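In: Give me the fold of what follows.
(one chain, ligands or ions: 1)
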Amino acid sequence: MNSNDYITFALGKGRLSSKTMELLSQIGIECEEMKDKDSRKLIFTNEEKKVRFFLSKGPDVPTYVEYGSADIGVVGRDTILEENRNVYEVLDLGFGKCRMCVCGPESARDLLRHHERIRVASKYPNIAKDYFFNRKHQTVDIIKLNGSVELGPIVQLSDVIVDIVETGSTLRENGLTVLEEICSLSARMIVNPVSMQLKNDRIKEIVEKLKGLL
Ligand code: PRP
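Out: As a prediction, this is how the structure comes out:
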(Lines give C-alpha, C1' and ligand atoms only; values in the text may rest on other atoms or scores of the structure.)
Protein backbone atom coordinates (compact mmCIF):
# COMPACT_ATOMS: atom_id res chain seq x y z
CA MET A 1 0.00 0.00 0.00
CA ASN A 2 1.44 3.32 -1.04
CA SER A 3 0.52 5.97 1.50
CA ASN A 4 0.37 8.51 -1.33
CA ASP A 5 -2.85 6.89 -2.51
CA TYR A 6 -4.53 7.72 0.78
CA ILE A 7 -5.44 10.81 2.72
CA THR A 8 -4.35 10.12 6.28
CA PHE A 9 -5.97 11.90 9.22
CA ALA A 10 -4.44 12.17 12.69
CA LEU A 11 -7.05 12.83 15.34
CA GLY A 12 -6.63 13.56 19.02
CA LYS A 13 -8.28 10.87 21.15
CA GLY A 14 -11.52 11.84 22.84
CA ARG A 15 -14.23 14.39 22.27
CA LEU A 16 -12.58 16.13 19.32
CA SER A 17 -12.22 12.90 17.39
CA SER A 18 -15.88 11.90 17.69
CA LYS A 19 -17.01 15.41 16.72
CA THR A 20 -14.64 15.30 13.75
CA MET A 21 -15.94 11.92 12.58
CA GLU A 22 -19.50 13.28 12.82
CA LEU A 23 -18.56 16.21 10.64
CA LEU A 24 -16.63 14.12 8.12
CA SER A 25 -19.51 11.66 7.79
CA GLN A 26 -21.66 14.58 6.63
CA ILE A 27 -19.34 15.04 3.65
CA GLY A 28 -19.31 11.34 2.87
CA ILE A 29 -16.07 10.38 4.63
CA GLU A 30 -16.74 7.53 7.02
CA CYS A 31 -14.86 4.71 8.65
CA GLU A 32 -16.86 1.69 9.81
CA GLU A 33 -13.79 0.08 11.38
CA MET A 34 -13.46 2.96 13.81
CA LYS A 35 -16.91 2.49 15.29
CA ASP A 36 -15.87 -0.71 17.10
CA LYS A 37 -15.10 0.70 20.54
CA ASP A 38 -13.49 -2.56 21.74
CA SER A 39 -10.90 -2.57 19.01
CA ARG A 40 -7.25 -2.14 19.99
CA LYS A 41 -6.25 -1.19 16.48
CA LEU A 42 -4.42 2.07 16.10
CA ILE A 43 -5.03 2.76 12.45
CA PHE A 44 -8.28 2.46 10.53
CA THR A 45 -8.79 2.42 6.79
CA ASN A 46 -11.66 2.95 4.41
CA GLU A 47 -10.34 1.27 1.26
CA GLU A 48 -13.19 2.47 -0.89
CA LYS A 49 -12.74 6.16 -0.03
CA LYS A 50 -8.96 5.83 0.23
CA VAL A 51 -8.80 7.43 3.65
CA ARG A 52 -7.00 6.34 6.80
CA PHE A 53 -7.38 7.54 10.37
CA PHE A 54 -5.27 7.21 13.45
CA LEU A 55 -5.84 8.36 16.98
CA SER A 56 -3.04 9.81 19.06
CA LYS A 57 -2.57 11.99 22.10
CA GLY A 58 -3.70 15.51 21.21
CA PRO A 59 -0.26 17.17 21.58
CA ASP A 60 1.23 14.58 19.19
CA VAL A 61 -1.17 15.44 16.35
CA PRO A 62 0.85 18.44 15.05
CA THR A 63 4.01 16.30 15.23
CA TYR A 64 2.53 13.58 13.00
CA VAL A 65 1.30 16.25 10.59
CA GLU A 66 4.60 18.17 10.48
CA TYR A 67 6.55 15.00 9.65
CA GLY A 68 3.98 13.93 7.04
CA SER A 69 2.87 10.73 8.81
CA ALA A 70 -0.58 12.30 8.53
CA ASP A 71 -1.71 14.66 5.77
CA ILE A 72 -4.40 16.25 7.88
CA GLY A 73 -4.83 16.67 11.63
CA VAL A 74 -7.61 17.93 13.83
CA VAL A 75 -6.58 19.47 17.09
CA GLY A 76 -7.39 22.31 19.48
CA ARG A 77 -5.86 25.70 18.81
CA ASP A 78 -4.27 25.45 22.29
CA THR A 79 -2.17 22.52 21.07
CA ILE A 80 -1.25 24.30 17.83
CA LEU A 81 -0.02 27.34 19.78
CA GLU A 82 1.81 25.25 22.36
CA GLU A 83 3.53 22.90 19.91
CA ASN A 84 4.34 25.57 17.30
CA ARG A 85 4.90 23.04 14.49
CA ASN A 86 5.44 23.70 10.81
CA VAL A 87 1.89 23.00 9.61
CA TYR A 88 -0.79 24.96 7.77
CA GLU A 89 -3.91 25.81 9.72
CA VAL A 90 -6.68 25.67 7.12
CA LEU A 91 -10.00 25.63 8.91
CA ASP A 92 -11.72 26.59 12.13
CA LEU A 93 -14.12 23.70 12.72
CA GLY A 94 -16.18 25.75 15.16
CA PHE A 95 -16.56 23.14 17.88
CA GLY A 96 -14.57 22.69 21.10
CA LYS A 97 -14.93 26.41 21.79
CA CYS A 98 -13.24 27.60 24.97
CA ARG A 99 -10.75 30.21 26.23
CA MET A 100 -7.14 30.18 27.37
CA CYS A 101 -7.01 32.22 30.56
CA VAL A 102 -4.88 33.25 33.49
CA CYS A 103 -6.82 32.06 36.53
CA GLY A 104 -6.31 32.14 40.26
CA PRO A 105 -7.79 33.32 43.51
CA GLU A 106 -9.17 36.87 43.51
CA SER A 107 -6.22 37.84 45.72
CA ALA A 108 -3.80 37.21 42.83
CA ARG A 109 -5.28 40.07 40.81
CA ASP A 110 -3.00 42.63 42.47
CA LEU A 111 0.08 40.48 41.84
CA LEU A 112 -0.73 40.59 38.14
CA ARG A 113 -1.49 44.29 38.16
CA HIS A 114 1.83 45.11 39.82
CA HIS A 115 3.84 42.85 37.53
CA GLU A 116 5.18 40.88 40.50
CA ARG A 117 7.48 37.94 39.87
CA ILE A 118 4.80 35.31 40.37
CA ARG A 119 4.71 31.55 39.86
CA VAL A 120 2.54 30.31 37.01
CA ALA A 121 1.55 26.63 36.73
CA SER A 122 0.39 25.32 33.36
CA LYS A 123 0.09 22.41 30.97
CA TYR A 124 0.98 25.04 28.37
CA PRO A 125 4.40 26.46 29.33
CA ASN A 126 5.03 27.94 25.87
CA ILE A 127 1.72 29.77 25.75
CA ALA A 128 2.26 31.00 29.31
CA LYS A 129 5.81 32.13 28.51
CA ASP A 130 4.75 33.95 25.37
CA TYR A 131 1.91 35.70 27.17
CA PHE A 132 3.83 36.87 30.21
CA PHE A 133 7.23 37.58 28.64
CA ASN A 134 6.34 38.84 25.17
CA ARG A 135 2.90 40.35 25.58
CA LYS A 136 2.88 41.56 29.17
CA HIS A 137 6.60 42.05 29.65
CA GLN A 138 6.29 40.48 33.09
CA THR A 139 9.00 38.18 34.41
CA VAL A 140 7.44 35.08 35.97
CA ASP A 141 8.48 31.56 36.94
CA ILE A 142 6.68 28.91 34.94
CA ILE A 143 6.00 25.47 36.38
CA LYS A 144 4.93 22.74 33.95
CA LEU A 145 2.12 20.45 35.11
CA ASN A 146 0.34 17.66 33.24
CA GLY A 147 -3.26 18.12 34.38
CA SER A 148 -5.55 19.11 37.25
CA VAL A 149 -3.70 22.40 37.09
CA GLU A 150 -6.31 24.09 39.30
CA LEU A 151 -4.58 22.41 42.24
CA GLY A 152 -1.59 24.73 41.78
CA PRO A 153 -2.90 27.83 43.59
CA ILE A 154 -4.89 25.75 46.10
CA VAL A 155 -1.84 23.94 47.44
CA GLN A 156 0.42 27.00 47.07
CA LEU A 157 2.50 25.55 44.26
CA SER A 158 1.78 28.65 42.19
CA ASP A 159 0.08 32.04 42.40
CA VAL A 160 -1.91 31.60 39.20
CA ILE A 161 -2.46 29.08 36.40
CA VAL A 162 -2.70 29.37 32.63
CA ASP A 163 -5.38 26.94 31.52
CA ILE A 164 -8.41 26.24 29.39
CA VAL A 165 -11.76 27.48 30.64
CA GLU A 166 -14.85 26.04 29.03
CA THR A 167 -17.89 26.20 31.32
CA GLY A 168 -15.93 27.67 34.25
CA SER A 169 -17.23 25.01 36.64
CA THR A 170 -13.80 23.57 37.51
CA LEU A 171 -12.69 27.06 38.55
CA ARG A 172 -15.87 27.76 40.52
CA GLU A 173 -15.76 24.47 42.39
CA ASN A 174 -12.20 25.20 43.44
CA GLY A 175 -12.62 28.83 44.50
CA LEU A 176 -10.72 30.24 41.52
CA THR A 177 -11.67 32.79 38.91
CA VAL A 178 -10.63 34.08 35.48
CA LEU A 179 -8.20 36.97 35.98
CA GLU A 180 -7.11 37.62 32.40
CA GLU A 181 -8.08 36.20 29.02
CA ILE A 182 -5.25 35.19 26.69
CA CYS A 183 -7.11 34.02 23.59
CA SER A 184 -10.11 32.09 22.32
CA LEU A 185 -9.79 28.47 21.22
CA SER A 186 -11.60 25.93 19.07
CA ALA A 187 -10.86 22.82 17.01
CA ARG A 188 -8.76 23.49 13.91
CA MET A 189 -7.83 21.48 10.85
CA ILE A 190 -4.12 21.46 10.05
CA VAL A 191 -2.33 20.20 6.93
CA ASN A 192 1.19 19.05 6.15
CA PRO A 193 2.81 21.61 3.77
CA VAL A 194 4.07 18.95 1.32
CA SER A 195 0.70 17.13 1.26
CA MET A 196 -0.90 20.47 0.56
CA GLN A 197 0.99 20.52 -2.75
CA LEU A 198 1.08 16.82 -3.66
CA LYS A 199 -2.51 16.05 -2.71
CA ASN A 200 -3.90 19.52 -3.35
CA ASP A 201 -7.04 18.44 -5.21
CA ARG A 202 -8.24 15.97 -2.61
CA ILE A 203 -7.38 18.16 0.35
CA LYS A 204 -8.99 21.21 -1.22
CA GLU A 205 -12.14 19.22 -1.92
CA ILE A 206 -12.37 18.13 1.74
CA VAL A 207 -11.75 21.67 3.03
CA GLU A 208 -14.26 23.24 0.63
CA LYS A 209 -16.96 20.70 1.47
CA LEU A 210 -16.42 21.26 5.20
CA LYS A 211 -16.54 25.02 4.70
CA GLY A 212 -19.89 24.57 2.98
CA LEU A 213 -21.20 22.78 6.08
CA LEU A 214 -19.89 25.16 8.70
C1 PRP B 1 -9.70 20.98 31.19
C2 PRP B 1 -9.00 22.22 31.69
C3 PRP B 1 -9.78 22.58 32.93
C4 PRP B 1 -11.19 22.14 32.55
C5 PRP B 1 -11.99 23.34 32.14
O6 PRP B 1 -9.21 19.90 31.90
O7 PRP B 1 -7.64 21.98 31.95
O8 PRP B 1 -9.31 21.88 34.04
O9 PRP B 1 -11.09 21.22 31.47
O10 PRP B 1 -13.33 23.02 31.85
P11 PRP B 1 -14.54 23.74 32.56
O12 PRP B 1 -14.30 25.24 32.47
O13 PRP B 1 -15.73 23.33 31.74
O14 PRP B 1 -14.62 23.28 33.98
P15 PRP B 1 -9.41 18.39 31.45
O16 PRP B 1 -10.79 17.94 31.76
O17 PRP B 1 -9.00 18.25 30.02
O18 PRP B 1 -8.42 17.56 32.37
P19 PRP B 1 -6.99 17.90 33.01
O20 PRP B 1 -7.24 18.86 34.13
O21 PRP B 1 -6.48 16.60 33.50
O22 PRP B 1 -6.14 18.51 31.94
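
In: Could you count how many residues lie near residue 40?
Out: With neighbours defined by other Cβ atoms under 10 Å, the count for residue 40 comes to 5. (Glycine included, C-beta is placed from N, CA and C.)

In: and if you look at residue 173?
Out: By other Cβ under 10 Å, 9 other residues sit near residue 173.

In: And it, how close does it get to the ligand?
Out: Distance of residue 173 to the ligand, given as Cβ to the nearest ligand atom, to the nearest Å: 8 Å.

In: Can you point out the buried residues in the strand or helix carrying residue 209?
Out: Secondary structure from DSSP states H and E places residue 209 in helix 200-213. Judged by neighbour count (16 or more other Cβ atoms under 10 Å), helix 200-213 contains these buried residues: 202, 203, 206, 207, 209, 210.

In: Check this protein for the residue nearest the ligand and tell me.
Out: Closest residue of the chain to the ligand, Cβ to the nearest ligand atom: residue 147 (2.8 Å).

In: any idea how far residue 124 is from that residue?
Out: According to Cβ to Cβ, to the nearest Å, residue 147 stands 12 Å off from residue 124.

In: okay, those two: which has more neighbours?
Out: residue 124 (26 against 8).

In: domains in this structure, as residue ranges please.
Out: Following the assignment in automatic domain parsing, the chain carries domains at 3-96+186-213, 98-183.

In: Please state the offset of the longest strand along the chain from the chain centre?
Out: Longest strand in the chain by number of residues (criterion: DSSP state E): strand 177-185. Per Cα atoms, centre = their mean, to the nearest Å, the displacement of strand 177-185 from the mean C-alpha position of its chain is 16 Å.

In: now for it, which elements pack on it?
Out: Counting contacts by 3 or more Cβ pairs under 8 Å, 6 or more residues apart in numbering; DSSP states H and E, strand 177-185 is packed against helix 77-83, strand 98-104, helix 109-113, strand 160-165.

In: Any idea which of these gets closest to residue 33?
Out: helix 77-83 (25.4 Å; Cβ to Cβ).

In: I'm done for today, thanks for sticking with me.
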